[in-house]
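**Q** coordinates only, sequence not included:
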């Protein structure tokens, strides 16, 4: 029933809200990604409001940051956050932000311990295909769950939204495939995040793909951009 309710909410919210993807100045690559990412439905489900301050955590080249900029409007603010490791893989970010085309988006590059946003100043944090990186293990990788959630707890307002979109791993595998497949068990994610001071506030199956067997590395060409993904909304207690 919760999933059905969430899907109905997405449909109603999408009808009532201007599509963020309607901007004619978006790139062809972004428009192509829309087909499988379904960002209008995802962002409508998250309940973003005009005037909000949002941090797009590990935003990469800013696909979602650009969409968020339309959602929060001229009176809102989007922090396009990456750390140094993420920036090593980013292509096209400077072009996205060139000529101040997204004036309410700030490129925000630093390590987790360098996030200097004021306490309780952020309405929403969005993590798209990056929550699993808190459990990714590799020499030189500096992101881990405890400092990540310490910052989220500090900067989010009471009742602030944490939106999570991530690649599904098989049930019962916990965080075991965060490194090799870049996937994470949705049940583990829910338990982990609620144990850190957040209230689970709903889910939608808008990005589920029954043809994904959940055992393939997400960068494999056979499944890239077509993985089955869970979409969760949490509220800071």
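**A** Cool, the structure landed. Being a predicted model, the structure only gives us computed values, none of them experimental. Residues are numbered from 1 along each chain as shown.

**Q** right, and the helix or strand after the longest strand along the chain?
**A** Ordering each strand of the chain by length in residues (DSSP state E) puts strand 156-167 first. Using DSSP states H and E, the helix or strand that directly follows strand 156-167 along the chain is helix 186-194.

**Q** strand 156-167 and that next one, what's the angle between them?
**A** Relative orientation of helix 186-194 versus strand 156-167 (axes from the mean of the first three to the mean of the last three C-alpha atoms, to 10 degrees): 170 degrees.

**Q** list the buried residues of helix 186-194.
**A** Buried residues in helix 186-194, counted by 16 or more other C-beta atoms under 10 Å: 186, 188, 189, 190, 192, 193. From N, CA and C alone the C-beta is placed, and that goes for glycine too.

**Q** now do stretch 221-237
**A** Neighbour-count burial for stretch 221-237 [16+ other C-beta under 10 Å]: 223, 227, 228, 229, 230, 231, 232, 233, 234, 236.

**Q** looking at those residues, which are in strands?
**A** 229, 230, 231, 232, 233, 234, 236.

**Q** chain center to stretch 134-143: distance?
**A** 18 Å (C-alpha atoms, centre = their mean, to the nearest Å).

**Q** now distance to residue 32 and pLDDT too, for the buried residues of helix 186-194, in a markdown table please.
**A** Supplementary listing: those in a markdown table, determined by distance: C-beta to C-beta, whole Å; pLDDT from 0 to 100:
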| residue | distance to residue 32 | pLDDT |
| --- | --- | --- |
| 186 | 27 | 98 |
| 188 | 31 | 98 |
| 189 | 28 | 98 |
| 190 | 31 | 98 |
| 192 | 33 | 98 |
| 193 | 31 | 98 |
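
**Q** including distance to residue 146, could these go into TSV?
**A** Converted to TSV, those look like this (distance: C-beta to C-beta, whole Å):
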residue	distance to residue 146
186	21
188	16
189	16
190	18
192	11
193	13
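
**Q** check the ones in strands among the buried residues of stretch 221-237 against residue 92 and report the nearest one.
**A** Of all those, residue 92 sits closest to residue 229, with 22.0 Å by C-beta to C-beta.

**Q** residue 130: which of the buried residues of stretch 221-237 is nearest?
**A** residue 229 (11.9 Å).

**Q** ok, and the closest non-adjacent residue to that closest one?
**A** In space, and not counting its chain neighbours, residue 229 is closest to residue 207: 4.0 Å by C-beta to C-beta, 6 or more residues apart in numbering.
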